[in-house]
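In: need a structure here:
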Amino acid sequence: MEEEKFGFSFEEEVRQAVQKFERMRRNNESYFFDVIEFETIIDYYIDSNNSLKAFEAATLASRQHPHSVSIQLRKARVLLDRGRAVEALRILKKLENIEPGNHEIYIAKGTALGILGDIQGAKKMFDFSLTLDSDEIENILFSITSVLQNLNYYEHLIPYLLKLIKKEPNFKAHIYDLAYAYEKIEDYENSVIFYLKYLEEEPFSDSAWYNLGIIYNKIEMPEKAVEAYDYALAINSQNTFALFNKGNILSNLERYSEAIPVYHEYLENEPDSFEAMTYLAESYEKTGEIILAKKYYQDAIELAPEFADPWFGLGVIAFNYGNADDSLIFFRKAVRLDDENPEFWYLLGKAHYKKGEKKAALRCFREALKLDAYYDEVWSDLGRIILVENLTQKALPYLEHAYKVIGDVPGINYLLASFYIHTGITDKAFRHLKLAVQMDKDLFSEFLDIFPPRLLSRKIKRFLESYNLI
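Out: Numbering: from 1, shown residues only. Okay, the predicted model is just below:
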């Protein structure tokens, strides 16, 4: 290079300019810098993500060189980095009149409008910038996509990325960015297509395999998700996110024996993860290894005593092994820590009922249904309790009121149908049963035992037979 003949490089120029600026600040003195020096200093701080020093340099530069477009443009960019879009716009509008053919001004103006939420105005500026310099199309498109990506305007980013890919088909990072943009707008089909396209060229990208695993899980393809996580882990065994997600999928698939070693491996890397300890404990519980399940639930509680899930897990173990007293202690603790989890209220209600505490049980079921009106197990257990305790007449007004408030939820319709059958009001029974079956006929099996055949009218029997339910 020409400058190297004289023993002087661009990097050396940058270093000397920055050192001079730092010395001035340190000594609280005033130095003069020419435009090129200031451009170098501001760019250096912008590239170093040091917005404070970039702003100081830009402010001083604009005072020393108030008519320099390049300095004013840099000051506007620094203001944008600091979120001060209105101030930046004032500068950019002036620059627009001075250099109307400068595409960088319109990109910056579009950025300011984007920050202010005017995405249509931003796109107008971006589109106009693309008409100003045919030799810089790729660079302009890259600047636009970077802005839209940083501002999370993924839906509007996609058309520009597609144009950029046409211009630079060999630049694989654009395909990755496009796949990610489709993922963010929940267009998972296109996201999978472009991640796979990217992986054809870059098969050793663990981040792409990891993202693909997330999408496969979202579109309910868990086996493909596990496969994608396995690829990510084969490339980078330290990808703990992939480990954690793989363990969770295996657990959700009820493949608990396979999930256990995955959680152990994750905990080797993240020994303080109380969530992983809790999920590991649950996996041991599901495989019948109760001593280990209790151990890891208790370890999780030691790490995070305010985390409700391990308390709940200990309650489930106590409940399933017939220890209602202990289960009540653990379930109450879980509910105190998280009173917005309907499952916690449901199991607490079951524990109360096991202890013969009917009113407390019904109150807990009511709380569970307030949080999740579609919690079918609660409705079916509630129905059984009401029938067993001969509370049908008392319960009907409450359920009718709940029906008016909640609306056509399958569980409440099944209960109302059953209770009206038990009280001999067959027309209302049929109406609610028809609604319930048409909404979710497979759910009838959960409520089958509260529809005794001896009480069913011919009309109701024929209706159930038409759906092959009896």
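
In: which helix of the chain spans the most residues?
Out: Across the chain, the longest stretch assigned as helix under DSSP state H is helix 10-27.

In: Return the set of buried residues in the very next helix or strand once past that one.
Out: As assigned by DSSP states H and E, the chain's next helix or strand after helix 10-27 is helix 35-47. Neighbour counts over helix 35-47 (16 or more other Cβ atoms under 10 Å) mark 37, 38, 39, 40, 41, 42, 44, 45, 46 as buried. Quick note: C-beta positions are derived from backbone N, CA and C, even for glycine.

In: before we move on, which element is the closest residue to the last one other than its chain neighbours in?
Out: To tie it back to what came earlier, the one meant is residue 46. Excluding its sequence neighbours, the residue lying closest to residue 46 (Cβ to Cβ, 6 or more residues apart in numbering) is residue 54, at 5.1 Å. Per DSSP H and E, residue 54 falls inside helix 51-64.

In: Packing partners of that helix?
Out: When contacts are defined as 3 or more Cβ pairs under 8 Å, 6 or more residues apart in numbering; DSSP states H and E, helix 51-64 sits against helix 35-47, helix 69-81.

In: can you pull the buried residues of stretch 12-21?
Out: Within stretch 12-21, the residues scored as buried using 16+ other Cβ under 10 Å are 14, 17, 18, 21.

In: which of those lies closest to residue 172?
Out: Nearest to residue 172 among those is residue 14, at 30.1 Å by Cβ to Cβ.

In: I'd like to know how far the closest one sits from residue 342.
Out: Note on residue 14: its distance to residue 342, by Cβ to Cβ, to the nearest Å, is 60 Å.

In: three-state assignment of the nearest residue to residue 396 once chain neighbours are set aside?
Out: Spatial nearest neighbour of residue 396, excluding adjacent residues (Cβ to Cβ, 6+ apart): residue 419 at 5.5 Å. Look at residue 419: counting by DSSP: H, G, I helix; E, B strand; the rest coil, its state is helix.

In: can you list the domains in the protein?
Out: 169-253, 386-470 (automatic domain parsing).

In: Identify, out of those, the most deeply packed stretch.
Out: With neighbours taken as mean count of other Cβ atoms under 10 Å, those reach their highest mean count in domain 169-253, at a mean of 18.

In: Give me the average confidence score over that domain.
Out: Averaged over domain 169-253, pLDDT sits at 96.

In: Over to stretch 383-394?
Out: The average pLDDT for stretch 383-394 rounds to 89.

In: hang on, the earlier thing: next one: the residue nearest to residue 46 relative to residue 427, how far apart?
Out: Counting by Cβ to Cβ, the separation of residue 54 from residue 427 is 77 Å.

In: and residue 118, what are its phi and psi?
Out: With angles defined as degrees, to the nearest 10, residue 118 sits at phi -90, psi 80.

In: How about the contacts made by residue 254?
Out: Counting by Cβ atoms under 8 Å, 6 or more residues apart in numbering, residue 254 touches residue 286.

In: How many residues are close by residue 128?
Out: Neighbourhood size, residue 128 [other Cβ atoms under 10 Å]: 14.

In: Show the pLDDT at it.
Out: Looking at residue 128, its pLDDT reads 95.

In: Just the residues contacting stretch 102-122, thanks.
Out: Here stretch 102-122 makes contact (Cβ under 8 Å, 6+ apart) with 69, 73, 76-77, 80, 83, 85-86, 88-89, 92-93, 95-96, 99, 123-126, 128-130, 132-133, 136, 140, 143-144, 147-148, 151, 153, 156.

In: Can you pull the phi and psi angles for residue 162?
Out: Torsion angles, degrees, to the nearest 10, at residue 162: phi -60, psi -40.

In: Please renumber the chain so that the first residue is 29 from this point on.
Out: Taking 29 as the first residue, the last one we looked at is residue 190.

In: Next, the contact list for the nearest residue to it once chain neighbours are set aside, please.
Out: Excluding the flanking residues, the one nearest residue 190 by Cβ to Cβ, 6+ apart is residue 206, at 7.1 Å. Going by Cβ under 8 Å, 6+ apart, residue 206 touches 186, 189, 190, 193, 222.

In: In what element of secondary structure is residue 206 found?
Out: According to DSSP H and E, residue 206 maps onto helix 200-212.

In: State the distance from residue 365 to residue 185.
Out: For residue 365, the distance to residue 185 equals 41 Å [Cβ to Cβ].

In: How about residue 239?
Out: Here the criterion is Cβ to Cβ. By it, residue 239 lies 16 Å from residue 185.

In: tell me the SS of residue 402?
Out: Here residue 402 is recorded as coil under three-state DSSP.

In: so it sits right up against residue 435, yeah?
Out: No: in this structure, residue 402 is not within contact of residue 435 by Cβ atoms under 8 Å, at 11.0 Å.

In: among the contacts of stretch 130-150, which ones are buried?
Out: Applying 16+ other Cβ under 10 Å to the contacts of stretch 130-150 flags 97, 101, 104-105, 108, 113, 116-117, 120, 123-124, 151, 153-154, 157-158, 160, 168, 171-172, 175-176, 179, 181, 184 as buried.

In: Return the subset of the residues you listed lying in helices.
Out: Residues of the buried ones among the contacts of stretch 130-150 located in helices (DSSP H): 97, 101, 104-105, 108, 113, 116-117, 120, 123-124, 151, 153-154, 157, 168, 171-172, 175-176, 184.

In: Now the residue nearest to the spatial centre of the chain. Nearest residue, chain neighbours left out?
Out: In the chain, the residue lying closest to the centroid (Cα atoms, centre = their mean) is residue 212, at 9.7 Å. Distance criterion Cβ to Cβ, 6+ apart; nearest residue to residue 212, sequence neighbours excluded, is residue 182 at 4.1 Å.

In: Thank you, goodbye.
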